Structures are given as structure tokens and as C-alpha cells.
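Undergrad: Starting from these lines, generate the structure:
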Amino acid sequence: MWQSIQLFFYRYFMQKRLKEHQVTHEVVNLHQAKEVGILFDATNEQNVIWVRRLMEDLEKSKKKVSILGFINSSHANEQTAYPCFSRKETNWYMQPVHFMPNDFSEKKFDILINAFIQPTETLEYISTFSNARFRVGCFADDKTHCYDLMINLKDTDTLPEFIQKALHYLQIINTNERKNTI
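TA: All right, here's what the predicted structure looks like:
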């Protein structure tokens, strides 16, 4: 019951803000990108390991990379070696109120990789209002406002499979060096 009330207000306030949100998104491939943001669910330590590997690989390719993790717990230890925030820094309808996610969404990334495979409203909210030029995430019919490129996963796919597929498609996208507005 409580969760359905939360979701109702989450959607209500998101739709209200979406009407005012004016950002133009465009197709950007990995070759063109200079700055990449990675949003991820840091609740599971294994996800942190995969995201750090992704970050290192992108940095080896001379990309500037920023990451932000979300720990889906109000009892999280925030003494981490990476930028993160927890459920303590969200309002009661799951939208972030901490400066870190708000600053992250203001950055003008060339690509924002949403490295989480389970629906996570707080991270989806950040992606929706991100100033990133091109946002990549997992496919869901009702998440077109969150992502510009959606990767369809099998039920058995894990975060490493998502990362592999996302990088594959980001490498093969042909933008013909012209602006493709979404």
C-alpha cells in the first residue's frame, strides 16, 4: 500500500517536472564521446566492481569518466571509495534531495550509461533529468523518458552482460558525424 502511494507521487511529480524540462538529446557514439557518466546501483558490492572495471576501460580510451552510485538502503555506510548517496538522501517519493545526484544530473556528459538492470526509481529520475547528450539504459516500455538508447536484456542477463551490450552498440552506432536529434 505505502509503496503504491510512493509510486503515485513519484510519477505525479516527475510528469509535472517533465513538462518544464527542455533538453535536446542526440545520438553520440563511443568514438565521439569525450565525457561519460555512469549511474549505478551500489547496493550490491559486485556491481561496484563491474562499474569500476568499466570506468577503467573507458579511461584507458581517454574518456573523462564520472560515476555515481546509489545505495538502496537507509542504513548505508557512506564511507566509500566512490561518490554515492543512499535512500537517506531522497524524499519520501524517492526523488534525490542530496547535492551529489543533483550536481551529477547537471553535468553535460556526452554519454550517460545507466548501469543498473533492476528498476530503480531514484536512478531513473536522475537519468530522466540529466543534461547528458545521449542516455543508455535497459529496455522498458514505460521508460522512454529515461533513456535514448534502450538495451533489451534476457531475464537471465546480469550487469556485465548489460555493460557488454551497451558498449557494443555505442561502438557500432553510425552517426555519420552529423547531428541526430532525438
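
Undergrad: pLDDT below threshold where in the chain?
TA: Low-confidence regions of the chain, defined by pLDDT under 70, span residues 76-79, 175-182.

Undergrad: Mind doing that once more with 80?
TA: Where the chain drops to pLDDT under 80, the residues are 1-3, 6-7, 9-18, 21-22, 74-80, 92-93, 174-182.

Undergrad: Need the residue closest to the centroid of it.
TA: Averaging the C-alpha coordinates of the chain gives a centre point, and the residue nearest to it by CA atoms, centre = their mean is Asn114 (2.9 Å).

Undergrad: That one sits in which helix or strand?
TA: Taking DSSP states H and E as the definition, Asn114 sits inside strand 111-115.

Undergrad: Break down this structure into its strands, ranges please.
TA: Along the chain, counting by DSSP state E, strands occupy 35-41, 64-71, 84-86, 111-115, 134-138, 149-151.

Undergrad: Minimum distance to Thr128: which of these has it?
TA: Relative to Thr128, the nearest member of these by CB to CB is strand 134-138, separated by 8.5 Å. Every residue, glycine included, has its C-beta placed from N, CA and C.

Undergrad: Mind exporting the C-alpha coordinates of the closest one to PDB?
TA: As requested, the backbone C-alpha atoms of strand 134-138 are provided in PDB (Å, rounded to 0.1, in the frame of the first residue of the first chain):
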ATOM      1  CA  PHE A 134      22.800  10.600 -25.000                       C
ATOM      2  CA  ARG A 135      21.400   8.300 -22.300                       C
ATOM      3  CA  VAL A 136      21.700   4.500 -22.400                       C
ATOM      4  CA  GLY A 137      19.800   2.100 -20.200                       C
ATOM      5  CA  CYS A 138      17.800  -1.200 -20.000                       C
END
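
Undergrad: Show me where the chain has its helices.
TA: In the chain, the segments counted as helices under DSSP state H are 2-18, 45-60, 99-106, 121-128, 159-172.

Undergrad: Just name the most buried of those.
TA: For the helices of the chain, the largest average neighbour count (mean count of other CB atoms under 10 Å) is found in helix 121-128, namely a mean of 22.

Undergrad: which strands and helices sit next to it?
TA: Applying 3 or more CB pairs under 8 Å, 6 or more residues apart in numbering; DSSP states H and E, one finds that helix 121-128 contacts helix 2-18, strand 35-41, strand 64-71, helix 99-106, strand 111-115, strand 134-138.
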